[in-house]
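A predicted structure for the sequence below; I have some questions about it.
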Amino acid sequence: MNRARKTLKTLALMSALGAVVFVGCGGEDAVDGRPTDGVTGAACETAEDCYPNVTPEDLSGDAVCSDRVLGGYCTHECESDDDCCAAEGECLAGVHQVCSPFESSETTTCFLSCEDEDLEAAAEDWEVPPEDDSDYCQRGAGESFMCRSSGGGTDNRKICVPGDCGVGADCSEDTDCSGDLSCFLGVGGGYCTELGCEGDADCPDDTACAVLAGETVCLKTCSADSDCSFCRAASQAGACRDDAELVEAVDTSVCQPD
């Protein structure tokens, strides 16, 4: 079972991938979909989990474990982008950071960045350029990450944060999947889904009922392959395909692993 997803599920209940190598920067420091060693973006429960290899006085602001992000998010207070990655050992290698408020917070903290200039730099520097901003976050930070707005109003930035794994996540048993989803083992890596659908109405939002390996399951809809690698090991991501055997939907592409 993906340990990162176990952590996310445990925290969700409390409040209500072997190592993955990425083509882009920082891949050697990402395990099970989240950065390791308490760097910015790592999962956490308290601020003490963050930056264990950095002298507190070297950080440009107090360490924070943000509980506004699923699974916690190691960060620290900042006043400008220059305050982020200012201390040796606080950053995921090669991933730019920005200083931003998050949602309604009045405090500004550091986040892994997926702004346009970061994608442009990756397009020039990476051996295989990112397909889009989500592909950039997944390959640069971890397969459970997505690119989203920080919700910071006029100071809004584009940041990489982990999302909630749903339909399409890899699994080996039902408990690996979020909510009431089941683990379908008819494909490599498993596939979290709703089983036995008769039409799209039986499926969660942004999914379609399809026949896969002789069974009807809900498959995640998509527009690019990067939509299908979210919360899946790179070797088992599959692809966004328009030739699936759909029960009801037409002209719809879905994530279909091998």
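Yep, it's here.

show me the contacts for the spatially closest residue to residue 78 that is not a sequence neighbour.
Spatial nearest neighbour of residue 78, chain neighbours left out: residue 99 (3.9 Å); criterion: C-beta to C-beta, 6 or more residues apart in numbering. (Each C-beta comes from the backbone N, C-alpha and C, glycine too.) By C-beta atoms under 8 Å, 6 or more residues apart in numbering, the contact list for residue 99 reads 78, 79, 80, 81, 83, 84, 108, 109, 110, 111.

isn't the fourth one right up against residue 98?
Yes. In this structure residue 81 lies within contact range of residue 98 using C-beta atoms under 8 Å: 5.3 Å.

when those two are compared, which one has more neighbours?
Each of residue 81 and residue 98 had its neighbours counted (other C-beta atoms under 10 Å), and the higher figure belongs to residue 98 (23 against 16).

okay, and the beta partners of the more buried one?
residue 111 (DSSP bridges).

that one and residue 118: what is the separation?
9 Å (C-beta to C-beta, to the nearest Å).

for residue 251, grab the count of nearby residues.
Residue 251 sits with 6 neighbouring residues when counted by other C-beta under 10 Å.

where does this protein have low pLDDT?
Counting by pLDDT under 70, the chain contains low-confidence ranges at 1-33, 152-153.

need the contacts of residue 99 in JSON lines with secondary structure, can you?
Below are those laid out as JSON lines (DSSP: H, G, I helix; E, B strand; the rest coil):
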{"residue": "78", "secondary structure": "coil"}
{"residue": "79", "secondary structure": "coil"}
{"residue": "80", "secondary structure": "coil"}
{"residue": "81", "secondary structure": "helix"}
{"residue": "83", "secondary structure": "helix"}
{"residue": "84", "secondary structure": "coil"}
{"residue": "108", "secondary structure": "strand"}
{"residue": "109", "secondary structure": "strand"}
{"residue": "110", "secondary structure": "strand"}
{"residue": "111", "secondary structure": "strand"}
